[in-house]
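Asker: build the 3D model from these lines:
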Amino acid sequence: MMTRSQPPLAETLTIRAQLTGSACTAVGVVATGHAPAVELCRRLLAAGLHPDLPVEVYRGSVLCLRIRSVGEGARLQVRDNRFGEPVFRRKTASPGVPPASSVRFSGSGVAETAARASAYQEGHRQ
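Answerer: Numbers count the residues shown, from 1 in each chain. So this is what the prediction gives:
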């Protein structure tokens, strides 16, 4: 019996985020602060999205940042190097999951994206 191989989850689903000022929004989740894209990844994990999903961050129509996976982005932080330039670094402590009360939802995007990722994984296991 032949099984049809499916492409990896990251090739079929990508989270599209919008960066406006110091706020980053995707699938109804909003993150603000010094490094809103990596904070968004932590909040997406807390909301239940699959850690392997990639994130593309746009400022208007311009792709400005591509994060390989929500899980990897959640483990990053932005700190200044010795020259005062911002750089990505691995978070020293385990990524804290924000309390549910601090995650703001503006729609059903999280549930829809999580359901699509779950359905994909279920089909991939068979």
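
Asker: what about the closest residue to residue 81 other than its chain neighbours, neighbour count?
Answerer: Excluding the flanking residues, the one nearest residue 81 by C-beta to C-beta, 6 or more residues apart in numbering is residue 87, at 5.1 Å. Quick note: C-beta positions are derived from backbone N, CA and C, even for glycine. For residue 87, the neighbour count with other C-beta atoms under 10 Å is 10.

Asker: can you tell me who residue 87 pairs with across the strands?
Answerer: residue 79 (DSSP bridges).

Asker: tell me who's in contact with it.
Answerer: Residues near residue 87 by C-beta atoms under 8 Å, 6 or more residues apart in numbering: 78, 79, 80, 81.

Asker: any idea how far it is from residue 50?
Answerer: To residue 50, residue 87 is 27 Å away according to C-beta to C-beta, to the nearest Å.

Asker: which stretches in the chain count as helices?
Answerer: 9-12, 36-46, 70-74, 109-125 (DSSP state H).

Asker: surely residue 74 touches residue 38?
Answerer: Yes - between residue 74 and residue 38 there is a contact under C-beta atoms under 8 Å: 7.0 Å.

Asker: number of nearby residues for residue 72?
Answerer: Neighbours around residue 72, by other C-beta under 10 Å: 16.

Asker: so what's the nearest residue to residue 26 once chain neighbours are set aside bridging to?
Answerer: Of all residues not flanking residue 26 in the chain, residue 17 sits nearest, at 3.7 Å (C-beta to C-beta, 6+ apart). Note on residue 17: beta-bridge partners residue 57, judged by DSSP bridges.

Asker: list the buried residues in stretch 37-55.
Answerer: 37-47, 49-50, 52-55 (16 or more other C-beta atoms under 10 Å).

Asker: also stretch 20-39?
Answerer: Those would be 24-31, 35-39, for stretch 20-39 by 16+ other C-beta under 10 Å.

Asker: quick revisit: quick one: buried ones out of the contacts of residue 87?
Answerer: The buried subset of the contacts of residue 87 - by 16+ other C-beta under 10 Å - is empty.

Asker: perfect, that will be all.
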